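Asker: Any chance you could fold what I've pasted below:
(2 chains)
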Amino acid sequence: AQSVSQHNHHVILSEAASLELGCNYSYGGTVNLFWYVQYPGQHLQLLLKYFSGDPLVKGIKGFEAEFIKSKFSFNLRKPSVQWSDTAEYFCAVYGNNRLAFGKGNQVVVIP
Amino acid sequence: DGGITQSPKYLFRKEGQNVTLSCEQNLNHDAMYWYRQDPGQGLRLIYYSQIVNDFQKGDIAEGYSVSREKKESFPLTVTSAQKNPTAFYLCASSEGAGGETQYFGPGTRLLVL
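Answerer: Presented below is the predicted three-dimensional model:
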């Protein structure tokens, strides 16, 4: 089964700072890639996804992610964060008939 | 208003007791899933169902059971065999089971008394 790695579980940054969250996976076959976000008190929702085509995908709220097949990575970025981006972010990889999640990044944005 | 509903929001379980968590969707999705979320652990798959009257074990199925008698419903029973049931349980659904986007419910927090 595939595994998904997210590093730096806790991230604290100031408003207007740039954010990059790393995601690496182990599965060597064709994959579908997702980033989900869980805002405080809200349910898990889709931020963006990659199935095929342009490896740079744009999602909601100014987030984007880049799929680099050779590095088995799907890193999430946002050039300038806001206080409302405080949330937990999960990378997920579908492959081998399973959606596997990373352990998440708890991001706190200080006003 | 389409979506996934889970009930109850909080559930308390006594030692040796089975409890059932409800999950309903009106998205007309074929596939449904149950995940367990523990702090710092991400989401782990308990069971999934690709179609009515069929379900498969996920990565941590021991101590849990499910049924899928109706397309819109996928209840999860946490049995007394599950020794560490305190967690946040999330239900999800997708149009199919081939890697499509999964949509999540609001979750049920289970606490053991």
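
Asker: residue closest to the middle of chain B?
Answerer: Nearest residue to the geometric centre of chain B (CA atoms, centre = their mean): residue B:34, 3.0 Å.

Asker: Could you point out the bridge partners of the residue lying closest to residue A:21 once chain neighbours are set aside in the sheet?
Answerer: Nearest residue to residue A:21, sequence neighbours excluded (CB to CB, 6 or more residues apart in numbering or on different chains): residue A:76, at 4.5 Å. From N, CA and C alone the C-beta is placed, and that goes for glycine too. Here residue A:76 sits in beta bridges with residue A:21, residue A:65, as judged by DSSP bridges.

Asker: Any residue of the lowest-mean-pLDDT helix or strand in chain A touching chain B?
Answerer: Lowest by mean pLDDT, DSSP states H and E among the helices and strands of chain A is strand A:98-101, with a mean of 90. Yes - contact of strand A:98-101 with chain B is found when judged by CB under 8 Å from any CB of the partner chain, involving A:98-99, A:101.

Asker: Any chance of the residues you listed in a markdown table with distance to residue B:38 as columns?
Answerer: Output for these, formatted as a markdown table (distance: CB to CB, whole Å):
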| residue | distance to residue B:38 |
| --- | --- |
| A:98 | 18 |
| A:99 | 17 |
| A:101 | 12 |
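
Asker: quick one: which of those residues has the most company?
Answerer: Highest neighbour count within those: residue A:99, with 25 neighbours (other CB atoms under 10 Å in any protein chain shown).

Asker: What's the separation between residue A:100 and residue A:24?
Answerer: The gap separating residue A:100 from residue A:24 is 12 Å, by CB to CB, to the nearest Å.

Asker: Next: residue B:29.
Answerer: When distance is defined by CB to CB, residue B:29 is 30 Å away from residue A:24.

Asker: what residues does chain A put near chain B?
Answerer: By CB under 8 Å from any CB, the residues of chain A that approach chain B are A:1, A:4, A:6, A:9, A:32, A:34, A:36, A:42-46, A:49, A:51, A:90, A:92, A:94-95, A:97-99, A:101-104.

Asker: rewinding a little: which residues are in contact with both of residue A:100 and residue A:24?
Answerer: Counting by CB atoms under 8 Å, 6 or more residues apart in numbering or on different chains, the residues touching both residue A:100 and residue A:24 are residue A:4.

Asker: These two: which has the busier surroundings?
Answerer: Higher neighbour count among residue A:100 and residue A:24: residue A:100, with 23 against 18, using other CB under 10 Å.

Asker: before we move on, the earlier item: for chain B, state which of the residues of strand A:98-101 next to chain B is nearest.
Answerer: Checking these against chain B by CB to the nearest CB gives residue A:101 as the nearest, at 4.2 Å.
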